[in-house]
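Trainee: Could you work out the structure for the sequence below:
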Amino acid sequence: MAQGRGTSARPEDVRAAVLAIADWLRDPDNTEAPPKPLVAAAARACAHALEQGAPGHSVEVRVPPHVAIQCIEGPRHTRGTPPNVVELPPRSWLLLATGLASLEELCADGRGEASGSRAAEITRWMPIVPL
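Mentor: Presented below is the predicted three-dimensional model:
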């Protein structure tokens, strides 16, 4: 998985990456995913935008197999499993990042996981690209 830090997320690039797959995200019945490189680009762009907007190391956001970043000010995690983790498949991450789903609903129906007392804090920076 690509790690963050040092990757710039220009707002216009993030928006373009998301708009390239927006129809797929808006249609819950569309099971035909866009090409993997487009999904990967949008997932990475949104993750890096969160990383830039909420710098820090308290929460790890994982979107396997595309990206993992650390964000939000607070205690730094250095070894083993971080205490605050959000892990979402690409479509779920992009639904959250676009405001089409909440972290609470994604976790409640098994489309993602959030653990740790600070994991839900990422929602303060959502949506990254409103659709």
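
Trainee: Going by C-alpha atoms from here, please, whenever you check contacts or count neighbours.
Mentor: OK.

Trainee: all strands for this structure, in order.
Mentor: In the chain, the strands defined using DSSP state E lie at 2-3, 59-63, 67-71, 85-87, 113-115.

Trainee: Reformat these as CSV; add mean pLDDT, distance to residue 27 and mean neighbour count.
Mentor: Output for the strands of the chain, formatted as CSV (pLDDT from 0 to 100; distance: least, CA to CA, whole Å; neighbours: other CA atoms under 10 Å):
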stretch, mean pLDDT, distance to residue 27, mean neighbour count
strand 2-3, 54, 28, 14
strand 59-63, 97, 21, 25
strand 67-71, 96, 24, 23
strand 85-87, 97, 22, 21
strand 113-115, 97, 22, 18
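
Trainee: got the ones you listed as CSV, with distance to residue 126 columns?
Mentor: Putting the strands of the chain into CSV (distance: least, CA to CA, whole Å) gives the following:
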stretch, distance to residue 126
strand 2-3, 20
strand 59-63, 13
strand 67-71, 13
strand 85-87, 14
strand 113-115, 15
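
Trainee: and stretch 92-109, how far from the chain's centre?
Mentor: 9 Å (CA atoms, centre = their mean, to the nearest Å).

Trainee: for it, what is the average pLDDT?
Mentor: Computed over stretch 92-109, the mean pLDDT rounds to 98.

Trainee: which of the residues in it are buried?
Mentor: 92-99, 102-103, 106-107 (16 or more other CA atoms under 10 Å).

Trainee: nearest to residue 61, of those residues?
Mentor: Out of the buried residues of stretch 92-109, the one with the shortest distance to residue 61 is residue 93. That distance is 9.4 Å, counting by CA to CA.

Trainee: that older thread, tell me which of the strands of the chain sits nearest to residue 124.
Mentor: strand 67-71 (12.0 Å).

Trainee: Packing partners of that closest one?
Mentor: strand 2-3, helix 36-53, strand 59-63 (3 or more CA pairs under 8 Å, 6 or more residues apart in numbering; DSSP states H and E).

Trainee: Which residue comes closest to residue 84 once chain neighbours are left out?
Mentor: Closest residue to residue 84 in three dimensions, ignoring its sequence neighbours and counting by CA to CA, 6 or more residues apart in numbering: residue 116, at 4.2 Å.
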